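> what would the 3D arrangement of this be:
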Amino acid sequence: MGFYSDEIIKEVQDRADILEIVSEYTSLKKRGDNYIGLCPFHSEKTPSFNVDVEKKLFYCFGCGVGGNVFTFIMNKENLSFPEAVRFLADKFNVRLPEKINSKLSQEFRERREYYKINRFAAKFFNYCLLHTRDGSRALSYIKQRGLTEETVEKFFLGYAPSSWDGLIKYARKMGIDSATLEKAGLAIARKDKQGHYDRFRNRLMFPIEDVTKNIIGFGGRALDDSMPKYLNSPETPLFSKGDNLYALSKIEKDPALDVIIVEGYMDCITLHQHGFRQTVASLGTALTQKQAKLLKKYTGGVILSYDADAAGEAATERGMEILAQEGLRVKILSLPKGKDPDEIIREQGGQSFQKLLDSSLDLVSYKLQKAKLGIKIETADGKLKYIKKAIDILCQINNEPELEIHMKNLAEQLGISVQALKKEVYRKKLANNGLQYKKSQTRYNNKEFKKISPVTGFYKAERKLLKLIIENESIRRNVGEKIDERYFTNDRTKKIADVLFKTIRQNTNQDIDVSNLFNYLDEESSAELSSILAERAELINEELICSLVTKVKEGYFKESIVKVREQLKQAEILGKREEINQLLNIYQQLKAEMDELNSHTTPGKEGA
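Predicted coordinates for the structure are as follows:
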């Protein structure tokens, strides 16, 4: 955990009252042993947010966020883990080591100050828009673009006056100097070093929030001929274009709801106003891996809707690969040439845009369509050129059913057999990758395997077993000899198992502070563990424990066996005799282990 020792962290955690902390952000009422209230992380009308004082944990049944007191402050105040420790240590009078204390508190104080300054500036710009003569011109522009008063309020739009020092003068009256405004990205030092001038002038202002609704920067659209047309805040301690997405704080966190990604502020705002509320903008920059990771926390799928010009197409090409690498379902919406989403909706209405959304292409179909451009596939030579390009695209698909679908569709389009296409795809796959079981592996008898997607029944068993191990000391003592972390195959439960079993091995007395486990988990795993702990407790008996252990192991072996079969199938197509023999030996070992496991199984008690 870097900055602080485990002893310091535990002291802060023990002293920090999670009920007191959470109550500063939402009202809580006692219900049974826990406290409930409206979630401070998403909008809701019925309370689904729970605080367990005894375990020192929180969990929201609505949005799935959960963790301990550090997790709560990190999410709510947009702090790193060390900053959250410092925040709570200050609040609950825990003395921290001086060297770290001095360095961290300076950075922490500056960030807090910049948040306040940005909020101050946003209020100033909003006032100028709504209550000044210059602002009336900006309001007229907003009305021409079809935005309503409700939308202006929702996005807290503003206007930066055309004078060179409008913000600077007002800030000075409020005790904020121009040098501080410069550090926050709101002022620029004059070349002669004689003072500062406002960075944003005669511009429609768009405050940019982080996921916790802190204002971290601004975008400004010129209302005259000034260049650039759109100007963003510079890099500051709070703001980096590649780390954030405009309007991310206004969308729902739901894996089933696709998020639309557009280029510009006005595109995003117009879509929100017309009911497309799962929309974000990429802040005028190519999508980055950090932005993709942010989106993964909110959704399982995205739809790229960039402008239909050369720059937009180039941004789509780059962005779709980054998004796909993060495991997101990617679709591409094709706009008419020269149009952007804002224009489509203003000229043709929301229904027209919905039709375009409905006709969005999945990532592979889009790539195949692009690969066909400029090739005369009605000729034999053209068809072969296209097949070669298509095979390169199909080789990137790791999901077997998805690959099968695209191969079948392509074979039908080209008038060739699926088997011929499949043989070439597998040949290319093995040539590119070798035996995939040597990568991203789990180990068995010094052999290595690549995991495949988890099975729901096994996943449920993993969750139930983790809950029992965490909450029952006698189970912890007995189960350690029967199972360990390598048997957990789901990405989220495996991370929890890694931390849990390591903690058990380090604590010979078998005691576990469940709240402390969260300090070693990322946000996704913290939410998973919170969800596991929030589930109804099982009636414990020896038969249940044995069944769960068996089910989890069964999932591990089944995944490994399926993967070896897949590798055998590909090796046989290419006639790789040595690799076939090696894989057959591994398969037989796994099968023997599986058969032995099944001979001790009592079905029906694992809750699959």
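
> do you know the pLDDT at residue 580?
Looking at residue 580, its pLDDT is 85.

> then residue 115?
You'll see residue 115 listed with a pLDDT of 91.

> surely it and residue 214 touch.
Yes - if you go by CB atoms under 8 Å, residue 115 and residue 214 touch, sitting 5.0 Å apart. To be clear about C-beta, it is placed using only N, CA and C from the backbone, and glycine gets the same treatment.

> measure the closest residue to residue 91 other than its chain neighbours to residue 238 for me?
Spatial nearest neighbour of residue 91, excluding adjacent residues (CB to CB, 6 or more residues apart in numbering): residue 16 at 7.3 Å. When distance is defined by CB to CB, to the nearest Å, residue 16 is 25 Å away from residue 238.

> and if you look at residue 8?
Counting by CB to CB, the gap from residue 8 to residue 238 is 27 Å.

> which stretches of the stretch 101-250 of the chain form strands?
Under the criterion DSSP state E, counting those that start in this stretch, the stretch 101-250 of the chain contains strands at 158-160, 187-189, 196-198, 203-209, 215-222, 230-232.

> deepest of those, which one?
Of all these, strand 158-160 has the most neighbours on average by mean count of other CB atoms under 10 Å, namely a mean of 28.

> give me the distance from that strand to the chain's centre.
31 Å (CA atoms, centre = their mean, to the nearest Å).

> before we move on, what about stretch 82-93?
26 Å.

> next, the buried residues of it.
82, 83, 84, 85, 86, 87, 88, 89, 91, 92 (16 or more other CB atoms under 10 Å).

> confidence score at the nearest residue to residue 298 once chain neighbours are set aside?
Excluding the flanking residues, the one nearest residue 298 by CB to CB, 6+ apart is residue 253, at 4.8 Å. Model confidence at residue 253, given as pLDDT, is 77.

> how about residue 448?
At residue 448, pLDDT is 33.

> ditto for the one 3 residues further on
What the model reports as pLDDT for residue 451 is 32.

> and what of residue 456?
Residue 456 is given a pLDDT of 48.

> next one: residue 151
At residue 151, pLDDT is 96.

> now it: closest residue in space, sequence neighbours ignored.
Among residues not flanking residue 151 along the chain, residue 273 sits closest, at 4.7 Å (CB to CB, 6+ apart).

> what about that neighbour, neighbour count?
19 (other CB atoms under 10 Å).

> tell me the contacts of it?
146, 147, 148, 151 (CB atoms under 8 Å, 6 or more residues apart in numbering).

> so the nearest residue to the first one once chain neighbours are set aside is in which element?
What it means is residue 146. Leaving aside its chain neighbours, residue 146 sits nearest to residue 346 (5.6 Å; criterion: CB to CB, 6+ apart). Element membership for residue 346 (DSSP states H and E) is helix 341-348.

> before we move on, back to that, between the strands of the stretch 101-250 of the chain, which gets nearest to residue 597?
Comparing the strands of the stretch 101-250 of the chain against residue 597 with CB to CB, the closest turns out to be strand 203-209 (51.4 Å).

> next one: the closest one to chain centre, how far?
That offset, for strand 203-209, works out to 24 Å (CA atoms, centre = their mean).

> the inter-axis angle of it versus strand 215-222?
Using axes from the mean of the first three to the mean of the last three CA atoms, to 10 degrees, the inter-axis angle of strand 203-209 relative to strand 215-222 is 160 degrees.

> from the contact counts, what lies against strand 203-209?
helix 98-131, helix 133-144, strand 158-160, strand 215-222 (3 or more CB pairs under 8 Å, 6 or more residues apart in numbering; DSSP states H and E).

> and with 10 Å instead?
Packing partners of strand 203-209 (3 or more CB pairs under 10 Å, 6 or more residues apart in numbering; DSSP states H and E): helix 98-131, helix 133-144, strand 158-160, strand 215-222, strand 230-232, helix 265-273.

> what about the helices in the stretch 451-600 of the chain?
456-471, 473-479, 491-506, 514-517, 523-534, 542-574, 577-598 (DSSP state H, counting those that start in this stretch).

> please read the previous query as pertaining to the stretch 251-400 of the chain.
So, for the stretch 251-400 of the chain - with DSSP H, counting those that start in this stretch - the helices run 265-273, 289-296, 310-325, 341-348, 350-358, 363-372, 380-394, 400-414.

> lowest mean pLDDT across those helices, which one is that?
Minimum mean pLDDT among the helices of the stretch 251-400 of the chain: helix 310-325, a mean of 82.

> buried ones in that one?
So for helix 310-325, counting by 16+ other CB under 10 Å, buried means 312, 315, 316, 317, 319, 320, 322, 323, 324.

> elements contacting it?
Using 3+ CB pairs under 10 Å, 6+ apart, helix 310-325 sits against strand 259-262, helix 289-296, strand 301-304, strand 329-332, helix 363-372.

> and it with helix 289-296, angle?
Counting by the same axes, to 10 degrees, helix 310-325 lies at 60 degrees to helix 289-296.

> residues making contact with helix 310-325?
Here helix 310-325 makes contact (CB atoms under 10 Å, 6 or more residues apart in numbering) with 261-263, 282, 284-293, 295-296, 301-302, 304-309, 328-335, 340, 363-364, 366-367, 370, 396.

> any residues in contact with both of residue 115 and residue 214?
Common contacts of residue 115 and residue 214 (CB under 10 Å, 6+ apart): 77, 78, 238.

> where does the chain dip in pLDDT?
1-3, 98-105, 108, 284-285, 430-456, 508-510, 537-539, 600-608 (pLDDT under 70).

> that one - how does it break down into domains?
6-96, 110-239, 248-359, 368-433, 447-598 (automatic domain parsing).

> distance between the ends of the first one?
Looking back up the chat, that one is domain 6-96. Its start and end residues considered, domain 6-96 measures 12 Å (CA to CA, to the nearest Å).

> for that domain, what is the distance to the chain centroid?
Put simply, domain 6-96 sits 21 Å off its chain's centre (CA atoms, centre = their mean).

> circling back to that earlier point, can I get the buried part of the contacts of helix 310-325 as one ChimeraX selection?
In ChimeraX, this line selects whichever of the contacts of helix 310-325 come out buried by 16+ other CB under 10 Å:
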select :261,262,263,282,284,286,287,288,291,292,295,296,301,302,304,305,306,307,308,328,330,331,332,333,334,335,340,363,364,366,367,370
